[in-house]
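Enquirer: Generate a structure from the sequence data that follows.
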Amino acid sequence: MQDKIYKINSITLDEKNQEFCLSHDHGLKTYDIGEFKEKETSDNLDFKLGSISLAHYFPDIENLIAFTGSIKNTDFPPEMIVFFDIEKKIVVFKKNLEREITNFKIVSNYILIAFGKSLTIFYYDKNKNDIELKQEHKIDEKSLFECWIEQMTNHLYLVFPFQKEIKMQQYATDEWAFIKKLDIASPVNVIQNIFYVKGLNQIFISDETAKYIYGFDADTGKKLLCLYRGMKSGYITSVALLNNGKFLAVNNVDRTIHIFDLDINNNDFSFSNLLNAVFSDIKEIYPKLRIKYKHILQNEEGSYYKNDFSEKGSMLYSDNNDELFVVSYNGFAFKIKINFSNFEYKVMSKVEYIEKTMPKISLCNSGYEK
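Expert: Numbers count the residues shown, from 1 in each chain. Alright, predicted model coming up:
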């Protein structure tokens, strides 16, 4: 008998973009990203993981997921990093790091862990089944950072905000060594969130209210894009590249998915950009399409996880074509097909992925709302 899920703590995608992992108040679940069907669960007759706050897939090691528990979890507290084989349902490795883990990510065999204002890079040695400290950084209190491995060079890239700058660090991983750093003056007072988009090789940041989203070249730090989301305060939870790198989908908490045409030449006319041409080095890009959640959700759908949805919104993913996968913290997932000629969209499937019985699938259409 599986425990009923009352709270969704985090949703994360695996490195191969084939499945996603759900961290909840009774453990972990994994799902296929295409059909949103459940694959594995951490439930075990001998023990239960308890409340898990954040989990990430371990690259190149099948079924291995790293997680940290919540303050309610006595067996796996938030000071502990745990590697868990979700198929065999066994703990492979665990270590108490003595400080509360406020964020962490994994690239290759490196685990980057934030402890409030401190960020530490660890290396996982499979032979010793232990982690080794490699580097420490001071970061902002929100524990925001992004990281990735460049496959051609095996270099690890780390980006984080600190004291009104965007810090970019590069390390060689074959033999651990510092390569270079780049400090970029932030165009905003407070960086709300940060994302790396591999297909563009750009870092995106949103300002305090998500009015603007800026894109920077990940190698040079040059500011390339300025996306204007809107005046009302929002929070950007996820971004995804569409249509061969021509469009970017941006999720604003539980309200709207904005689709931006990244070609400034296709941008709508505005008096603001007339002024920008004189006083600024870059023009604003406005949304071409807005997909509102109130139009793709009906009645009280997802109301059970309303608080989780209003705080964390959705995770977006795309194969960089005309299909957008949306996994929401309200327990629903969508596959949306976008027509880039007339800027309309169609919800191809809607699945209540947490439901214990057969998922419900429905079809519906919606046009572009100006």
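Enquirer: all helices for the stretch 201-350 of the chain, in order.
Expert: Applying DSSP state H, counting those that start in this stretch to the stretch 201-350 of the chain gives helices spanning 271-279, 293-296, 306-312.
Enquirer: For the stretch 101-250 of the chain, which segments are assigned as strands?
Expert: In chain order, the stretch 101-250 of the chain shows strands spanning 103-107, 110-115, 118-125, 130-138, 146-150, 155-162, 165-172, 177-185, 193-197, 202-206, 212-217, 223-228, 236-242, 247-252, with DSSP state E, counting those that start in this stretch as the criterion.
Enquirer: Single out the most deeply packed of these.
Expert: When you average the neighbours per residue for each of these (mean count of other C-beta atoms under 10 Å), strand 247-252 leads with a mean of 25. Any C-beta I mention is one placed from the backbone N, CA and C, and that applies to glycine too.
Enquirer: Closest to the centroid, which residue in this structure?
Expert: Ser238 (5.2 Å; C-alpha atoms, centre = their mean).
Enquirer: now that one: how far from Ile213?
Expert: Computed as C-beta to C-beta, to the nearest Å, the Ser238 to Ile213 distance reads 12 Å.
Enquirer: and what of Asp125?
Expert: Asp125 is 38 Å from Ile213, where distance means C-beta to C-beta.
Enquirer: Repeat that for Thr68.
Expert: Using C-beta to C-beta, Thr68 is found at 29 Å from Ile213.
Enquirer: Overlap in contacts, Ser238 and Ile213.
Expert: Counting by C-beta atoms under 8 Å, 6 or more residues apart in numbering, the common neighbours of Ser238 and Ile213 are Val250.
Enquirer: Mind checking the pLDDT average for stretch 153-164?
Expert: Taken as a whole, stretch 153-164 has a mean pLDDT of 94.
Enquirer: what does that stretch contact?
Expert: Residues external to stretch 153-164 that are found in contact with it (C-beta under 8 Å, 6+ apart): 107-108, 110, 112, 119, 121, 137-140, 144-150, 166-174, 179, 185-186, 189, 191, 194, 196, 203, 205, 218.
Enquirer: And for stretch 226-240?
Expert: Contacts for stretch 226-240 (C-beta under 8 Å, 6+ apart): 192-193, 195, 197, 204, 206, 209-215, 248-253, 255-256, 258, 260, 282-287, 312-318, 324.
Enquirer: quick one on the thing from earlier: nearest to Glu87 among the strands of the stretch 101-250 of the chain would be which one?
Expert: Using C-beta to C-beta as the criterion, the shortest distance between Glu87 and the strands of the stretch 101-250 of the chain is 18.2 Å, found for strand 103-107.
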